[in-house]
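A.B. asks: Turn this into a model:
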Amino acid sequence: MGMFLPPLLCLVLTAVALTLLLRSKLAAHIAIDLPNERSLHAAPIPRIGGIVLVAIALTVSAYVAPSLRPLLSVAAAVGVVSAWDDRCSLPVLVRLTVHLAAAAGTLVVLQMHAPPWIMVVSVLLLTWAMNLYNFMDGADGMAGGMAVVGFGALGIAAVSPAPEIAIACLCIAAAAGGFLWHNFHPARVFLGDAGSISLGFLAGGLGLSGWAQGAWPPWFPVLVFSPFIVDASLTLAVRLLRGNKPWQAHREHLYQRMVRSGLGHRRTAMLWYAVMIAAGVTAIAALSWPIGAQFGLLTAWTAVYATVFASTWRLGIEPDR
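C.D. replies: All right, here's what the predicted structure looks like:
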């Protein structure tokens with residue numbers, strides 16, 4: 001029971017804090033999301049959900065998982081800079097520099113020792129994790145739901161081999177649940193960069209930490225968060241091949257195309273939740289399988305995503321220019 005009290009506290013505190021903020025006039029003065037060419041919403045929405053979610057999850061996690069405090073401190077720094085970006089729209093180069101520094105700092109606090117090329121690749125992958133989570137935060141309930149399922153799966157898998165990672169992940173998942181209460185369609189609050197960038201960092205950082213502690217193989221967090229990873233990565237690749245600027249706002253991610261095709265926010269979110277849960281459940285189950293069976297599972301998921309991507313890309317929606 002003791003392991004579940006901190007997550008329950010995170011769930012309640014996040015839900016209540018957001019309720020109080022949204023009832024006040026303060027929310028709109030902190031940060032507001034104005035519709036643009038990437039948006040799927042038509043009215044201004046406060047983007048304070050991430051500030052509350054991350055602040056509560058990191059505070060509780062730092063108390064109950066002291067060994068993770070260095071990593072959580074880096075996450076807090078990322079959250080502060082991203083919250084400032086929500087208010088002032090920092091230049092792309094400044095944001096990227098902060099993300100690279102945070103990724104490099106993560107390898108330091110985790111005391112990772114590997115060949116230089118692996119360290120460089122790890123920094124780039126962590127930086128991509130932060131940004132892809134941000135890219136996927138564009139429809140009601142998407143990023144919040146992925147946080148609930150994704151961090152929940154990491155927490156379940158780490159209960160025995162790495163209990164502090166487990167409780168931190170469960171705290172993040174529970175805080176995301178409190179946020180999702182206000183973010184499911186029709187959303188009353190958004191994550192903002194303070195939430196999406198921080199959650200992407202935590203997914204990558206805790207994924208690396210669990211691997212370093214032997215809680216799971218490197219493919220495990222990748223499969224758990226694969227719905228986001230596949231959509232963001234393949235969409236970026238297609239746009240680059242077309243000559244689009246990678247930082248240019250658009251609405252061509254698979255989930256955005258599904259919403260625009262007529263499925264709407266609710267049905268799109270529910271379909272993605274089903275994929276997310278399936279990825280998490282099969283990833284946890286495969287931890288006890290032999291290597292050959294694990295490879296077979298990854299191959300099967302690759303085929304699933306290739307089929308979904310190809311079929312969704314042919315929805316007949318004109319691409320953004």
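A.B. asks: residue ranges of the helices in the stretch 101-250 of the chain, please?
C.D. replies: 116-135, 142-158, 163-183, 193-212, 219-224, 226-241 (DSSP state H, counting those that start in this stretch).
A.B. asks: could you redo those as TSV and give each row mean pLDDT?
C.D. replies: What follows is the helices of the stretch 101-250 of the chain, written out as TSV (pLDDT from 0 to 100):
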stretch	mean pLDDT
helix 116-135	92
helix 142-158	96
helix 163-183	97
helix 193-212	96
helix 219-224	97
helix 226-241	87
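A.B. asks: Of all the ones you listed, which one is nearest residue 79?
C.D. replies: Closest to residue 79 of the helices of the stretch 101-250 of the chain, according to CB to CB: helix 193-212, at 4.3 Å. Glycine gets a C-beta too; all of them are placed from N, C-alpha and C.
A.B. asks: now the angle from the closest one to helix 163-183?
C.D. replies: 150 degrees (axes from the mean of the first three to the mean of the last three CA atoms, to 10 degrees).
A.B. asks: roughly how far out does stretch 305-312 sit from the chain middle?
C.D. replies: The chain centroid and the centroid of stretch 305-312 are separated by 21 Å under CA atoms, centre = their mean, to the nearest Å.
A.B. asks: So which bits of it are buried?
C.D. replies: Residues of stretch 305-312 classed as buried: 305, 308, 309, 312 (neighbour count, 16 or more other CB atoms under 10 Å).
A.B. asks: could you dump the helices of the stretch 101-250 of the chain to CSV with distance to residue 92 and mean neighbour count?
C.D. replies: Converted to CSV, the helices of the stretch 101-250 of the chain look like this (distance: least, CB to CB, whole Å; neighbours: other CB atoms under 10 Å):
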stretch, distance to residue 92, mean neighbour count
helix 116-135, 11, 18
helix 142-158, 20, 26
helix 163-183, 26, 26
helix 193-212, 12, 27
helix 219-224, 26, 23
helix 226-241, 15, 19
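A.B. asks: Among those helices, which comes closest to residue 49?
C.D. replies: So among the helices of the stretch 101-250 of the chain, helix 163-183 is nearest, using CB to CB, at 4.8 Å.
A.B. asks: May I have the closest one exported as CSV, CA atoms only?
C.D. replies: What follows is helix 163-183, C-alpha atoms only, in CSV (Å, rounded to 0.1, in the frame of the first residue of the first chain):
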residue,chain,number,x,y,z
PRO,A,163,11.6,0.3,-6.8
GLU,A,164,12.6,4.0,-6.7
ILE,A,165,12.3,4.3,-10.5
ALA,A,166,9.0,2.5,-10.1
ILE,A,167,7.5,4.9,-7.6
ALA,A,168,8.7,7.9,-9.5
CYS,A,169,7.2,6.6,-12.8
LEU,A,170,3.9,5.9,-11.0
CYS,A,171,3.9,9.4,-9.5
ILE,A,172,4.3,10.9,-13.0
ALA,A,173,1.6,8.6,-14.4
ALA,A,174,-0.8,9.5,-11.6
ALA,A,175,-0.2,13.3,-11.9
ALA,A,176,-0.8,12.9,-15.6
GLY,A,177,-4.1,11.3,-14.7
GLY,A,178,-5.1,14.3,-12.7
PHE,A,179,-4.2,16.5,-15.6
LEU,A,180,-6.0,14.3,-18.1
TRP,A,181,-9.2,14.9,-16.1
HIS,A,182,-9.1,18.4,-17.4
ASN,A,183,-7.5,17.7,-20.8
